[in-house]
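Enquirer: Build me a model from this:
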Amino acid sequence: MSKKLTIIIISAIIVILASIAAGIYVVREIKENEKIDREAVTLKQDLTIEFGQKVKVSDFIENLNGKFIDDYQIDTEHLGNIKVSFEYFNIKNKKRNYTFEIHTKDVTAPKIYCGGSYTIKVGDSKNLTDVLLSGDNIDDNPKREIIGEYDFNTIGNYNLTYVVTDSSGNKTSKEIVLKVVEEINKSTPSTGKTVYINDVINSHKTENTKIGIDVSKWQGKINWEEVKKSGVEFAMIRLGYQKDYDADYMVDPYFVENIESAISLRNTCWNIFSFLC
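Expert: All right, here's what the predicted structure looks like:
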């Protein structure tokens, strides 16, 4: 065998061995990285959270072999399963992405705002569940039931149970007395003592408080320049209201005028809020 051929054979063997070694290294590196990534994130066993609760990604991580790139706050304003994705650097300082699911649940029962009794004129045709006030934090139309017998056409007192159940199965009940009477005595409610804004400011204004007003159609036309000059620092302006249970939402007739006038005065010390009720 010639010397030249021997060199070629040896070179080929070296190349083959080097390729095999490189292949083995790559395979081992891949498997090691897979193992690192597989063990990098350990989730907590309980991945459920109450609707609307403030939580971050890290609140669901039992252990992270690495460090977060962005431990952000999760939007939990949705019921059911929520997909969560986050990025992190593993122990080799390589950027990785991890995805998991959490489950939001509604555990808050509806509220019943009516008193212990309700008076109605004999012969009235109102739907009792529409006049007994109640509401829920999520469900706009919870199930409302009256348990017990009553007759709008017969004068007397009726012991009933008002039950409100939301779409998640949370339930609230209240015992009420329905009073069916011949006539309802109507009296003009006292407006009480007039409260002046200067008195409110003098009594309650501190470094830690702001003085504001709550307005809707019931205040009529408002002089917003005078409101601001008086020392009021913020305003809550009613956007609208629901005309009845399960009925359409109505815009407050003064909302547009109020919001536009208030916005025209807004600066760093003047805040505006709108609300629906």
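Enquirer: drop to CA atoms for contacts and neighbour counts, all remaining ones
Expert: Will do.
Enquirer: Spit out the contact partners of residue 175.
Expert: Residue 175 makes contact with 116, 159-162, according to CA atoms under 8 Å, 6 or more residues apart in numbering.
Enquirer: What subset of these is buried?
Expert: 160-162 (16 or more other CA atoms under 10 Å).
Enquirer: would you list those in JSON lines and tack on secondary structure, pLDDT and distance to residue 106?
Expert: Below are the buried ones among the contacts of residue 175 laid out as JSON lines (DSSP: H, G, I helix; E, B strand; the rest coil; pLDDT from 0 to 100; distance: CA to CA, whole Å):
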{"residue": "160", "secondary structure": "strand", "pLDDT": "96", "distance to residue 106": "27"}
{"residue": "161", "secondary structure": "strand", "pLDDT": "96", "distance to residue 106": "24"}
{"residue": "162", "secondary structure": "strand", "pLDDT": "96", "distance to residue 106": "21"}
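Enquirer: on that earlier part again, just the contacts of residue 175 now: which is nearest residue 92?
Expert: residue 162 (61.6 Å; CA to CA).
Enquirer: Distance of the closest one relative to residue 151?
Expert: 16 Å (CA to CA, to the nearest Å).
Enquirer: And residue 249, by the same measure?
Expert: Residue 249 is 31 Å from residue 151, where distance means CA to CA.
Enquirer: what are the ranges of the helices in the protein?
Expert: 3-40, 128-131, 197-204, 224-229, 255-264 (DSSP state H).
Enquirer: The ones you listed: lowest mean pLDDT?
Expert: Of all these, the minimum mean pLDDT falls on helix 3-40 (a mean of 70).
Enquirer: and residue 88, what does it touch?
Expert: Taking CA under 8 Å, 6+ apart as the test, what residue 88 contacts is 66-70, 95-98.
Enquirer: How about it, nearest residue that isn't a chain neighbour?
Expert: residue 68 (4.4 Å; CA to CA, 6 or more residues apart in numbering).
Enquirer: Does that neighbour touch residue 85 like I think?
Expert: No. Judged on CA atoms under 8 Å, residue 68 makes no contact with residue 85 at a distance of 11.6 Å.
Enquirer: quick one: which of those two has more around it?
Expert: More crowded of residue 68 and residue 85, by other CA atoms under 10 Å: residue 68, with 17 against 12.
Enquirer: How about the contacts made by the more buried one?
Expert: 86-89.
Enquirer: which of these count as buried?
Expert: 86, 88-89.
Enquirer: okay, these in a markdown table with distance to residue 145 and pLDDT next?
Expert: Shown next, in a markdown table, are these (distance: CA to CA, whole Å; pLDDT from 0 to 100):
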| residue | distance to residue 145 | pLDDT |
| --- | --- | --- |
| 86 | 45 | 95 |
| 88 | 51 | 94 |
| 89 | 55 | 94 |
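Enquirer: Let's see which of those end up in strands.
Expert: Among those, the residues falling in strands (DSSP state E) are 86, 88-89.
Enquirer: quick check, nearest of these to residue 240?
Expert: Looking across those and measuring by CA to CA, the closest to residue 240 is residue 86, at 39.1 Å.
Enquirer: In the sheet, which residues pair with that closest one? Tell me.
Expert: Counting by DSSP bridges, residue 86 forms beta bridges with residue 98.
Enquirer: sorry, back to before: TSV for the buried ones among the contacts of residue 68, including distance to residue 210?
Expert: Listed next are the buried ones among the contacts of residue 68 as TSV, based on distance: CA to CA, whole Å:
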residue	distance to residue 210
86	39
88	42
89	45
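Enquirer: any idea which of these is the one closest to residue 258?
Expert: residue 86 (43.0 Å).
Enquirer: which stretches of the stretch 151-277 of the chain have low pLDDT?
Expert: 186-194, 242-247, 266-277 (pLDDT under 70).
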